Every structure is written in C-alpha cells, then in structure tokens.
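Student: Return atomic coordinates for the entry below.
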Amino acid sequence: METADCPIILVLGLSGAGKSSFIRSLAEDSEKEKISVGHSLVPHTLSIAEYQVKIGDNTAILVDTPGLDTSEVAFEDIDEWMSQREFPIKAVDGIILLHPINRNRMSEASVALGTLRKAFSKVLDTDLESRYPFFRVALATTLWVAEVTGGAATKAAIEKERTKQIRRECDLQDNWWRLLEVQGAMFRRHDNDLYESAKDIVLSVIKAQIPEQKTVYIRDQLIVGIIGSTQAGKSSFVEALTETSPSSKGNELRMESIEPYEIEINKEKVVLLDTPGLDATENPTDVFQMIAGWLKAQGRKTARTRHYLDGIVVVHPILSNEQFGELVLQSVLIEQANKLLGKLKKVYDVKDPRAYCRVILATTKWDKVSQDEMKIAVEKEENIRRTNWNIMSVAGSPVMRFDNTAESAQRIIKTIVDEKKSADATYQYRYIRAALNDISSGLGHMQEEFSELKKARTAMSRGLG
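Tutor: Residues are numbered from 1 along each chain as shown. Below you'll find the predicted structure:
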C-alpha cells in the first residue's frame, strides 16, 4: 500500500531497453507474474503501471512506462497519469533511464536531449537552470553481453562484442548524456547480476543528495592517474595525500567512476584520479577508457582539444593474496599509457631509457609486512622488478614503496612532478621567469635601500655642516 513517504520512481527507456525486466528483477515472487516482459523491439508496455518493491528497509514504487520511441506521446501519458492516479502527484521522486548497450538506437530515436531535459525537469518539478536539477536521475545501460563458457572462438566473439559495447557506453557518456551528468545525473550499469545491480541503481536514486558545490579546475594542473586491482591500496594512497577518506574507500568493488582529488606538492597543484579496480570489469582496458573519457570531458570544459595524464601510479600489494588481483600486464600498460600520456609512438622505444619515467609502480601493504616476512617481501619486490616490470624498468619506470604514510605517497607524486618539470619546456620557462622576477624584485629592493642610504648620507652631511 502506498504511503506518503514512499518514493515514486519512473523507469523510462526505448522499447526493448529492458524496463519491465528491470522492475521484475526487484519484485516479490508473488508479484513477478503480474509483470510481463517483451522480447523484441516492438513496444510491449502500452500503458503505465505501478509496482511496489521492497529493498532492505526501503520501499519504493517503480513505474513501468511505454517506450520513448515517440517521446512526446510518452511524456503526455506520464503527465496524465500523474494527475489522474488515485493519489495525484505534482512530481516524481526520481527517474531511471535505461538504454540497451547492445545496439545504437538512441541517436536514431526521436528522443532529443533537449526534449529529455525539459521533460525530466517538468516531472521532477525542478528548475532547469539550477546547478544540479537531475541529481535524482540515474542513466543506466542494459543488456550487456553475458560471459559464456566455450571455445576460443566463442570467447573471442564475446570479447569483440564487449569491446564494441564499451565504446558505445563511452560515446553515450561523453556525447549524448554528458550534459545530463554535468547537471547531476548518475551513470550506472545494469549488468547480468540483475537483482544486485538493479537494487544498487534504485537505492542510488532513493538516497541521492545534491552534490557538493565543488568543481575541479584542471587548467595548469598536473593530472596523475592512480590505477591497480581492487583492494590493492589505491584509495589508501589517495587518502594519505588528501587526509580525507575517498568515497570509494572500503567499497572499491562498487566504485564505478573516476574520482578526482586536488592536492599540492612542492607548490604544484596536482589532480589525482582514483579509479575502479582493473579487475572489477571483464577487460582491464575498461578503466583506461574511462580515464580517457574523463580527460576528454575536461578538455571540453576548458576549451581544449583534450587533456593528457602527466603521470600514472600503478599500485600493487607486496603481499601474496588472491583477493588483491594480478599486476597489470606490461603490454597492456604500455599501449594504454602511450594514449593517456599523449605519446605519438604506439610501441615502446627500447632506445629511450626515460620513456616511462612518469609511470611509477608503487608497491603497497608494507605496513602489513611482519619482521619475519620482510626478507621474503624484499625478494618479491626485486623479482617483480626483474620479471613483471622488466620492460618498464628498462624504460625508466621506477619501483617505489608506499608504506601507508603521507611521506611515502608524497615522495612518489613528487617524483612525477619533478620529472615533468625537468622535461617540460613550459615549466622551465615558468621557473626561469619566476627567477628573473625574483632578481628584478631584489634589485628593486636594493635600489630602494641605496636611495635611503643616500638620503641619510645627505642629511648627515648637512648636520655636520
């Protein structure tokens, strides 16, 4: 039974996006039979229907809607439903917009972004000109290819399709849905773990709060990506530098986006990018593509073609434990680092001993190593340098230790900052100019002191006379 504090959430999307399946995955067993699911692109839900679902201590009403293939008609139906339901409402409490990632139909449909924004603003009763009018909107991709067991050909086909889907997701996030995200909307995946991901999406809408009025300005700042497997220590590394607890700390498995943090090292402003675990997705390149999308978006905000990373910190635990995942393959890192660092070469140049001096392998969990385990840990560190990191080492990538202290984390970032300064003509010019300004200022002070001495001498001469 509906109560006054029971949030009402619209579930929207094109025909075949999986709206009914999404709601059905959360419904009680006794209610599932009432929710029919279509299996084609032909509109299946022809009228608006409400379903009450219970998620833990939270209860919500999910509203199944006709496909947005004809958006004007769909939103007219929603307006009519809001005013004529048993308990009329002026606004809904949230929106979940589903898009099938297995095909590119959003751009082909008549759902213009301007139409969506105006319609969302109306049904949410928010001011379109406010800072975050869509903070209670979740944009979720659906129908991700499932992991299927089989031969090499089958796995290769699945991997190829997943790569296409990731590209579509990046395109949606970077181009189609970017303005909605800038105005507060959340970007989520409804993957093949139907109940868990649907539950998380609904809870994110129910518990949504207006984002903090914080903007990360990256112009004239160094950008450093922090990558590694889940629970390897990425967020602990960021926390040691920021003296704050990152939102992903203690919950890295649920981290789904890039989290920027601003710090200052030796008077240089640096933006750290905390990232999802490389093993949190089926393909480790997913995270690199997320970073590329984030950088591209910042380029649009600052009217630049694009931004590149100034450095990469790869965190990897020195302890042997299956839960910490494997170290990223050098071949994968080299290919992705070349793109993110803005290098034109596609392969590693063995003749360049400083090619990757701003890519640092930071071994973590040293504070967990007992005295008895220290010798084994040191031997493992050397073995990593000689085997798993041998190509990177030859190319100038250092292996450094993070012992969960601010000093060790600062030392690692300072290495990147110093390398950037020494190699970048812009920094050299800036510091030469600063030095000249200091000299000029010093000469000005000397001239003032000389003038004062001259005046004092003149006054003294007159006094003696």
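Student: Stretch 59-79: which residues count as buried?
Tutor: Under the neighbour-count criterion of 16 or more other Cβ atoms under 10 Å, stretch 59-79 has 59-71, 74-75, 77-78 buried. All C-beta spots, glycine's among them, are computed from the backbone N, C-alpha and C.
Student: same deal with stretch 402-417?
Tutor: 402, 403, 404, 408, 409, 410, 412, 413, 415, 416, 417.
Student: For those residues, name the two members farthest from one another.
Tutor: The largest separation in those, counting by Cβ to Cβ, is between 404 and 417 at 21.0 Å.
Student: And what about residue 404, helix, strand or coil?
Tutor: Under DSSP: H, G, I helix; E, B strand; the rest coil, the three-state class of residue 404 is coil.
Student: oh, and call the first residue 822 from now on, that's how I've got it
Tutor: Fine by me, first position is 822 from now on; the one you just mentioned is residue 1225.
Student: tell me the secondary structure for the nearest residue to it once chain neighbours are set aside?
Tutor: Nearest non-adjacent residue to residue 1225, counting by Cβ to Cβ, 6 or more residues apart in numbering: residue 1188, 4.3 Å away. Secondary structure, three-state DSSP: residue 1188 is helix.
Student: what number of residues lie near residue 1188?
Tutor: By other Cβ atoms under 10 Å, 12 other residues sit near residue 1188.
Student: Could you pull up the contacting residues of it?
Tutor: For residue 1188, the contacting residues are 1224, 1225, 1226, by Cβ atoms under 8 Å, 6 or more residues apart in numbering.
Student: okay but residue 1055 is in contact with residue 1061, surely?
Tutor: No - between residue 1055 and residue 1061 there is no contact under Cβ atoms under 8 Å: 11.0 Å.
Student: show me where the stretch 972-1121 of the chain has strands.
Tutor: Listed in chain order, the strands of the stretch 972-1121 of the chain (DSSP state E, counting those that start in this stretch) span residues 1007-1010, 1043-1049, 1080-1086, 1089-1095.
Student: what's the most buried one of these?
Tutor: strand 1043-1049 (a mean of 25; mean count of other Cβ atoms under 10 Å).
Student: Tell me where the stretch 1122-1271 of the chain is predicted with low confidence.
Tutor: Across the stretch 1122-1271 of the chain, the ranges flagged by pLDDT under 70 are 1122-1127, 1141-1146, 1164-1172, 1245-1259, 1261-1263, 1265-1266.
Student: Tell me the confidence at residue 1076?
Tutor: pLDDT recorded at residue 1076 is 52.
Student: Spatially nearest residue to residue 1104 (excluding sequence neighbours)?
Tutor: Distance criterion Cβ to Cβ, 6+ apart; nearest residue to residue 1104, sequence neighbours excluded, is residue 983 at 6.4 Å.
Student: count of residues packed around that neighbour?
Tutor: 19.
Student: from what I can see it touches residue 1110, true?
Tutor: No - the criterion here is Cβ under 8 Å, and residue 983 misses it with residue 1110 at 11.7 Å.
Student: Find the residues that touch each one of these two.
Tutor: Joint contacts of residue 983 and residue 1110 (Cβ under 8 Å, 6+ apart) do not exist.
Student: if we can go back for a sec, can you put the buried residues of stretch 1223-1238 in a markdown table and add distance to residue 1276?
Tutor: Listed next are those as a markdown table, based on distance: Cβ to Cβ, whole Å:
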| residue | distance to residue 1276 |
| --- | --- |
| 1223 | 59 |
| 1224 | 59 |
| 1225 | 60 |
| 1229 | 55 |
| 1230 | 54 |
| 1231 | 49 |
| 1233 | 54 |
| 1234 | 50 |
| 1236 | 51 |
| 1237 | 51 |
| 1238 | 46 |
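Student: Which of these fall in helices?
Tutor: 1229, 1230, 1231, 1233, 1234, 1236, 1237, 1238 (DSSP state H).
Student: From the neighbour counts alone, determine which of residue 1055 and residue 1061 ranks first.
Tutor: Set residue 1055 next to residue 1061 and count neighbours by other Cβ under 10 Å: residue 1055 wins out with 32 against 19.
Student: Now do the helices in the stretch 922-1071 of the chain.
Tutor: Under the criterion DSSP state H, counting those that start in this stretch, helices of the stretch 922-1071 of the chain are mapped to 934-945, 973-992, 999-1003, 1015-1027, 1055-1063.
Student: Pick out the shakiest of these, pLDDT-wise.
Tutor: Among the helices of the stretch 922-1071 of the chain, helix 999-1003 carries the lowest mean pLDDT, a mean of 75.
Student: CA atoms only: put it into CSV for me.
Tutor: Extracted in CSV, the C-alpha atoms of helix 999-1003 (Å, rounded to 0.1, in the frame of the first residue of the first chain):
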residue,chain,number,x,y,z
ARG,A,999,27.2,14.4,-20.8
LEU,A,1000,25.1,17.4,-20.2
LEU,A,1001,22.7,15.4,-18.0
GLU,A,1002,25.7,14.2,-16.0
VAL,A,1003,27.1,17.7,-15.6
